[in-house]
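**Student:** make a model of this:
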Amino acid sequence: MDIGFMVYFLGAEEMREVEREASKTVIDESLRGWSYNSSPVRPPYDIPLPVSVIANRYCRCGRDVYLSYVLRQAGKPPTEARTGHLYHEIISSIVEEAKRFIYNYGTAPPIELYQYLDTMGETTIQGLADKLKLPTEDSLHVRNARKLWMYMSLEISHSLNTVLSRGVGVSLDTLVSATIPFVVNYLVNGRPVGLSERLQADALGAMSLVLDLKTGPPMDFHKLTTTGYALALESSLSQPVNVGCIVYLSFRDESPTPIVIRRIHAIDESLRMEFLEERDRKQRIVAEGIDPAKPSICDPNCMYLNL
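**Tutor:** Next up is the predicted model:
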């Protein structure tokens, strides 16, 4: 665990940890994503599912999959889920705007990048909150979104400042990738491994590090999300993805900035088997129309709680 800067930007110490995990992780070829034509990676049914549906363990019995994919009943996303989506959108928006600025203005002073991002912050936040049907008044999630926007604006501008201070002439592509060394919403085809055709990993960093943002309390099963994306990436890129990073984003009233905690983990054989077994179980629920029955205890945030 490490506390760092810019949500998806790992520091030198963290990258050394990624290197250590990547170098010591040994994976049997049969559990690599590129082995999608043979068991256990080969999906038992041609029923592609999103990574989030397979990795989600809030409904441990899988009845949410039955209600959604068999009965075609639409659930009601809780406010917490929509708020988390807001923070995802904030990060994606500011990264794209920062890249656009650098491509347009190159080596302009970093303070100008900060001012550019700062001027559009409020309009972007209000627009995203409205799109997600969240209150756009001075609510807690809007205040937190402002903290996140300011934090990201400062950190990206600081990163640009650091890159420019090296005094080395670089191309615009290099300048952008050095300032923001990750790709947000990385699109990958997960169909070969039984996942959705248009998967979007929250971010992909150096050394094929797959990152996923969470806004709730840490859970062990969160590692299944990065594992699912790793399998999809391996099937698409034919290169190993050995390490994931769960990024936990939270807010405290007394803190002017968000709290960002990153947990780096190996995407080892046990995680891969756990994900594949869960994929097979949930695909079977859909294929055979199996109703797992309502569990004795439900998560209060389940969007199918009343069904």
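**Student:** distance from the centroid: which residue in the protein tops it?
**Tutor:** For the chain, the residue at maximal distance from the C-alpha centroid (C-alpha atoms, centre = their mean) is G167, at 33.4 Å.
**Student:** list the contacts of that one.
**Tutor:** Residues near G167 by C-beta atoms under 8 Å, 6 or more residues apart in numbering: none. Using the backbone N, CA and C atoms, a C-beta is placed for each residue, glycine as well.
**Student:** likewise Q283?
**Tutor:** Contact partners of Q283, counting by C-beta under 8 Å, 6+ apart, are P43, P44, Y45, I47, L49, G194.
**Student:** what distance do you get for it to P48?
**Tutor:** For Q283, the distance to P48 equals 9 Å [C-beta to C-beta, to the nearest Å].
**Student:** partners of whatever helix or strand I246 lives in, with directions?
**Tutor:** Element membership of I246 [criterion: DSSP states H and E] is strand 243-250. Strand 243-250 sits in its sheet next to strand 209-214 (parallel), strand 259-266 (antiparallel), going by DSSP bridges.
**Student:** tell me which residues are up against the longest one.
**Tutor:** It stands for strand 259-266. Strand 259-266 has contacts (C-beta under 8 Å, 6+ apart) with 1-5, 7, 10, 14, 17-18, 21, 24-25, 218, 223, 226, 242-252.
**Student:** and the helices in the protein, which stretches?
**Tutor:** 12-24, 51-55, 63-65, 79-105, 110-131, 140-164, 172-179, 223-237, 269-288 (DSSP state H).
**Student:** winner for burial among the ones you listed?
**Tutor:** Using mean count of other C-beta atoms under 10 Å, the stretch among the helices of the chain with the largest mean neighbour count is helix 223-237, at a mean of 25.
**Student:** related to what we said a few turns ago, mind checking the helices of the chain for the one nearest to G205?
**Tutor:** Nearest to G205, of all those, is helix 12-24, at 8.3 Å by C-beta to C-beta.
**Student:** pick out the shakiest of the helices of the chain, pLDDT-wise.
**Tutor:** Note on those: lowest mean pLDDT is at helix 63-65, with a mean of 89.
**Student:** can you pull out the residues in contact with it?
**Tutor:** 49, 53, 56, 58-59, 75, 282, 285-286, 291-295, 302-304.
**Student:** so among those residues, which ones count as buried?
**Tutor:** Buried subset of the contacts of helix 63-65 (neighbour count, 16 or more other C-beta atoms under 10 Å): L49, V53, N56, C59, K282, I285, V286, P292, C302, M303, Y304.
**Student:** distance to T179 added to those residues, as a markdown table?
**Tutor:** Formatted as a markdown table, the buried ones among the contacts of helix 63-65 follow (distance: C-beta to C-beta, whole Å):
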| residue | distance to T179 |
| --- | --- |
| L49 | 36 |
| V53 | 35 |
| N56 | 34 |
| C59 | 40 |
| K282 | 40 |
| I285 | 45 |
| V286 | 43 |
| P292 | 47 |
| C302 | 40 |
| M303 | 38 |
| Y304 | 42 |
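**Student:** ok, so of those, who is nearest N161?
**Tutor:** N161 lies nearest to N56 out of the buried ones among the contacts of helix 63-65, by C-beta to C-beta, at 39.7 Å.
**Student:** ok, now how distant is the closest one from G62?
**Tutor:** Applying C-beta to C-beta, the value for N56 to G62 is 9 Å.
**Student:** residues contacting R16?
**Tutor:** No contacts exist for R16 under C-beta under 8 Å, 6+ apart.
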